[in-house]
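**Student:** can't give you the sequence, but here's the structure:
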């Protein structure tokens, strides 16, 4: 993974990232067709309104091939929100998720945020383990029906 480059997200990455979320979450999690449009909306809003002084997105690249993503957006003056952490299956388990997480958290700290928050599902156990190992705490869990599935929604936070 040493040759992997972490580059800034651009509009040219949008369709790839939406497609990866649609395909991987349908195949691996059984999510229905409502998930892709949610991701598309998040990315469209980011492209239209992000403030580069306090928000950023990154794509991991291996040569000409995209491997994953992560985003840091403003939740409020003191808190950043981590969004859209994704790794393609062949990039998992090799430390890239940690690199992306550190990129995002380092950016948030450098921009003066006092902490971060994220939203995920309990079923994403590998991501939850990564967050917990890096100082994040799960502060809320609730059953929901989202994307055609019964899930346990989680909110995680970290303070700097």
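**Tutor:** Here it is on my side, so go on. From a predicted model like this one, the values you see are computed outputs, not experimental measurements.
**Student:** Check the nearest residue to residue 35 once chain neighbours are set aside and give its pLDDT.
**Tutor:** In space, and not counting its chain neighbours, residue 35 is closest to residue 147: 4.6 Å by C-beta to C-beta, 6 or more residues apart in numbering. In this view, the C-beta of every residue, glycine as well, is placed from N, C-alpha and C. Residue 147 carries a pLDDT value of 95.
**Student:** how deep is residue 147 tucked in, by neighbour count?
**Tutor:** For residue 147, the tally of surrounding residues (other C-beta atoms under 10 Å) stands at 18.
**Student:** residues in contact with it?
**Tutor:** 25, 29, 31-32, 34-35, 38 (C-beta atoms under 8 Å, 6 or more residues apart in numbering).
**Student:** before we move on, what about residue 61?
**Tutor:** Going by C-beta under 8 Å, 6+ apart, residue 61 touches 4-7, 67.
**Student:** before we move on, what about residue 62?
**Tutor:** 3-5, 91 are the contacts of residue 62 under C-beta under 8 Å, 6+ apart.
**Student:** Let's see that with 6 Å instead.
**Tutor:** residue 4 (C-beta atoms under 6 Å, 6 or more residues apart in numbering).
**Student:** who's it bridged to?
**Tutor:** residue 65 (DSSP bridges).
**Student:** Kindly report the same for residue 57.
**Tutor:** With beta bridges defined as DSSP bridges, residue 57 has these partners: residue 71.
**Student:** correct me, but it touches residue 72?
**Tutor:** No - the criterion here is C-beta atoms under 6 Å, and residue 57 misses it with residue 72 at 7.5 Å.
**Student:** circling back: list buried members of the contacts of residue 147 by neighbour count.
**Tutor:** 25, 29, 31, 35 (16 or more other C-beta atoms under 10 Å).
**Student:** Point out the other helices and strands that the helix or strand hosting the first one packs with.
**Tutor:** When secondary structure is defined using DSSP states H and E, the element that contains residue 25 is helix 14-29. Secondary structure elements in contact with helix 14-29, counted by 3 or more C-beta pairs under 6 Å, 6 or more residues apart in numbering; DSSP states H and E, are helix 35-49.
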